[in-house]
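A.B. asks: Okay, predicted coordinates and the sequence, questions at the end:
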Amino acid sequence: MYKYKTIKSLRNKIKDVKSKGKTVGFVPTMGALHEGHLSLIRRAKKETDFVVVSIFVNPIQFCPGEDLKKYPVNLNKDLKLCGLNGADVVFCPDAKVMFGNNFFTYVDVRNITEGLCGASRPGHFRGVATIVAKLFNITAPDKAYFGRKDAQQAAVIRKMSEDLNIPVKINVMPIVREKDGLAMSSRNVYLSPEERKKALCLYGALKTAKEFRAKGEADPKNIIAAMRKIILREKGAEIEYVSIVDKETLKSVKRISGKVMAAAAVRIGAVRLIDNVII
Ligand code: PAF
């Protein structure tokens, strides 16, 4: 496995790989890799000839007051995991390499960034779309892989690629969960053992949404009320949003017909967790 820190070295490698007619799969990450990321790398390995993983904690997607400074970093462990799961290259630039001294250009995806996480994290998706557009330009992947836990992020990147005519196939892969249902997230390491137990209310609320829908409930208000109840039963759990939205537009639905997404963001102490399920 190769490790590159500069754009030039990665581009040279990819040029060489593509000149041999090989396809490139790309998994962008911010490191602190867990089974969710590794499942994306393995999938990329199955579907493409050459797998690039990027590890870059992107400062421009953190809003003021968020956890940029204490975002978990463990590059050596991540490199080992990348190698074991089939990555051919890890690209781990620093902020100077990615942004230089003057950086003036941002990618702003409108509309689908307004609700859900976008409502409470102003500028977050602008930072995500900008860095992913840059990484796509550098890596020129045939296919890129994202997790469905960050469903809004995946939708933003899909739309951005479509609107900017970036020739990459976006693959959104299933959420990987711990045995008890908690969705895997790099931020789970911040949870104390007690908070870890409380965090299960998020999955509990999503399971409830599934059950209600399976019994034929079509009024989102009733499902949301039941979900909120489950979360608020847990002392210290704070709801940022609980929503039932259209899978594509991410707009709230007034009545459920067909498949929709139940999504929630919850704070357990200082840790913000998100999760969703298709119902
Ligand atoms: O999902 C993430 O880890 C990040 O938002 C991404 C896509 C790597 C962009 O920094």
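C.D. replies: Now that the structure is in, tell me what you want to look at.
A.B. asks: For the ligand, see how far away Val168 is.
C.D. replies: 13 Å (Cβ to the nearest ligand atom, to the nearest Å). Using the backbone N, CA and C atoms, a C-beta is placed for each residue, glycine as well.
A.B. asks: same thing with Val172?
C.D. replies: 12 Å.
A.B. asks: what are the bridge partners for that residue, then?
C.D. replies: Phe146 (DSSP bridges).
A.B. asks: now Gly25, what's its secondary structure?
C.D. replies: Put simply, Gly25 is strand when judged by DSSP: H, G, I helix; E, B strand; the rest coil.
A.B. asks: Show me what it is bridged to.
C.D. replies: Residues in beta-bridge contact with Gly25 (DSSP bridges): Val51, Lys143.
A.B. asks: Please verify my assumption that it contacts Thr139.
C.D. replies: No: counting by Cβ atoms under 8 Å, Thr139 is not a contact partner of Gly25; they are 9.6 Å apart.
A.B. asks: what does the chain have sitting close to the ligand?
C.D. replies: Taking Cβ under 6 Å from any ligand atom, the part of the chain that reaches the ligand is made up of 28-30, 58, 61, 128, 131-132, 150, 153.
A.B. asks: Now neighbour count and pLDDT too, for these, in TSV please.
C.D. replies: Shown next, in TSV, are the residues of the chain next to the ligand (neighbours: other Cβ atoms under 10 Å; pLDDT from 0 to 100):
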residue	neighbour count	pLDDT
Pro28	24	99
Thr29	24	98
Met30	19	98
Asn58	21	98
Gln61	21	98
Val128	24	98
Ile131	22	99
Val132	26	99
Asp150	20	98
Gln153	23	98
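A.B. asks: Of the residues you listed, which is the nearest to Ala263?
C.D. replies: The shortest approach to Ala263 among those belongs to Asp150, at 10.5 Å (Cβ to Cβ).
A.B. asks: Who are the contact partners of the residue nearest to the closest one when sequence neighbours are not counted?
C.D. replies: Spatial nearest neighbour of Asp150, chain neighbours left out: Ile274 (7.2 Å); criterion: Cβ to Cβ, 6 or more residues apart in numbering. Neighbouring residues of Ile274 by Cβ atoms under 8 Å, 6 or more residues apart in numbering: 117, 149-150, 183, 185, 263-266.
A.B. asks: let's go with 10 Å and repeat that
C.D. replies: Ile274 makes contact with 116-117, 149-153, 183, 185, 187, 202, 240-241, 263-266, according to Cβ atoms under 10 Å, 6 or more residues apart in numbering.
A.B. asks: which of the residues you listed count as buried?
C.D. replies: Neighbour counting by 16 or more other Cβ atoms under 10 Å classes 116-117, 149-153, 183, 185, 202, 240-241, 263-266 among the contacts of Ile274 as buried.
A.B. asks: hmm, back to that, need the overlap of contacts for Gly25 and Thr139.
C.D. replies: Contact criterion Cβ under 10 Å, 6+ apart; residues shared by Gly25 and Thr139: Val52.
A.B. asks: So between these two, which is more surrounded?
C.D. replies: Gly25 (28 against 22; other Cβ atoms under 10 Å).
A.B. asks: And the helices in the stretch 101-250 of the chain?
C.D. replies: 116-120, 124-139, 151-163, 193-198, 200-214, 220-232 (DSSP state H, counting those that start in this stretch).
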